[in-house]
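**Student:** model the structure of this input:
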Amino acid sequence: MLSLASCCREVGRFDGSIALGPGTVGIGVVDGAVDDASCVAFCRWNTRDRCTTSEVHACSPTTVDGGPGVYCNATILECPQPLGAVCGRRTDGAAIAQTTDARDVLGALVALEAEAVAAFSRLARELVALGAPASLVRAARSCAEDERRHVAMVSGLDGRAAIDAPDERALALRGAFAIAYENAVEGCVRETFGVLVAQWQCERSPDARVRECYARIARDEAKHAAFAHRLDEWLAGVLTEPQRALLETAKRDALAALREEQQQRASRDVWLGMPDATTARALVDALAAASRPALVH
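**Tutor:** The predicted model follows:
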């Protein structure tokens, strides 16, 4: 398993407390203190900016000037920019480095399929621990098997050796809010966008093998996206109202970040049928338009 820091450069540290205002979005305050479920997400969100991310080492409820606050200890990281329309379900703690080398666009696709195996396998274990309906647990396991098959399919497009998925057993189980936050960004937004990209590839690639491969992947990813939205609905029922508000904010921010990423889309991977930057941004806009009714309070 590769940690987040293995492909990112440390650019700073944060070790201090952040005050909570009365209208802080996404934070549940119980008896004057922030609840544990949203602590890590709050620290990560408030110690990063558009060009960096944070790896949180410690967080805890505290007081600041007599009011509620959160103590955060985090490393601030600058990471390689993602490869535009290359999308998949990533999971916290199992990041696989991406490269901008032209030939390795396919490598990035394979790596993301491998990471998705770990993401869904871990999710299935977490749903069991949460007492989720058996149908959701079965769906997560089925998605993991689909992604395992995708690793072999995509690797086979140019005959490279398939890579192993990160070991999901080494990934700690998380609480409902952390699971829901990742699912909102990686499932409801990024993986749903991946369906549109896969459909584009199966229609536009000049290579018959790529078209056949991504026709199957598009069908599977549509199933995975539908699962992400079902899971989002179930998890909403076990979260607080402030936590649900944070999820909606996270979805909007993820859509905005996704559109910005498409600026990097190159035309060097034509054989894979990947959309160019203009088309990719239009696909993000189409996804945003379709999602808007669910994102507006």
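
**Student:** phi first, then psi, for Asp207.
**Tutor:** Dihedral pair for Asp207: phi -100, psi 120, per degrees, to the nearest 10.

**Student:** ok, how many other residues are close to it?
**Tutor:** Asp207 has 14 neighbouring residues, counting by other Cβ atoms under 10 Å. Quick note: C-beta positions are derived from backbone N, CA and C, even for glycine.

**Student:** equivalent analysis for Val137, please.
**Tutor:** With other Cβ under 10 Å as criterion, Val137 counts 18.

**Student:** okay, it and Glu115: tell me how far apart.
**Tutor:** 20 Å (Cβ to Cβ, to the nearest Å).

**Student:** can you check Ala277 too?
**Tutor:** According to Cβ to Cβ, Ala277 and Glu115 sit 24 Å apart.

**Student:** those two: which has the busier surroundings?
**Tutor:** Using other Cβ under 10 Å as the criterion, Ala277 and Glu115 rank with Glu115 on top: 26 against 16.

**Student:** gap between the helix or strand where His229 lies and the chain center?
**Tutor:** Element membership for His229, per DSSP states H and E: helix 208-236. Relative to the centre of its chain, helix 208-236 is centred 14 Å away, using Cα atoms, centre = their mean, to the nearest Å.

**Student:** go through whichever helix or strand comes after it and flag the buried ones.
**Tutor:** With elements assigned by DSSP H and E, the helix or strand that comes after helix 208-236 is helix 241-261. By 16 or more other Cβ atoms under 10 Å, the buried positions in helix 241-261 come out as 242-248, 250-251, 254-255, 258-259, 261.

**Student:** can you list those in JSON lines and add distance to Asp92?
**Tutor:** Putting those into JSON lines (distance: Cβ to Cβ, whole Å) gives the following:
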{"residue": "Pro242", "distance to Asp92": "21"}
{"residue": "Gln243", "distance to Asp92": "17"}
{"residue": "Arg244", "distance to Asp92": "20"}
{"residue": "Ala245", "distance to Asp92": "21"}
{"residue": "Leu246", "distance to Asp92": "16"}
{"residue": "Leu247", "distance to Asp92": "15"}
{"residue": "Glu248", "distance to Asp92": "20"}
{"residue": "Ala250", "distance to Asp92": "13"}
{"residue": "Lys251", "distance to Asp92": "17"}
{"residue": "Ala254", "distance to Asp92": "14"}
{"residue": "Leu255", "distance to Asp92": "20"}
{"residue": "Leu258", "distance to Asp92": "18"}
{"residue": "Arg259", "distance to Asp92": "23"}
{"residue": "Glu261", "distance to Asp92": "19"}
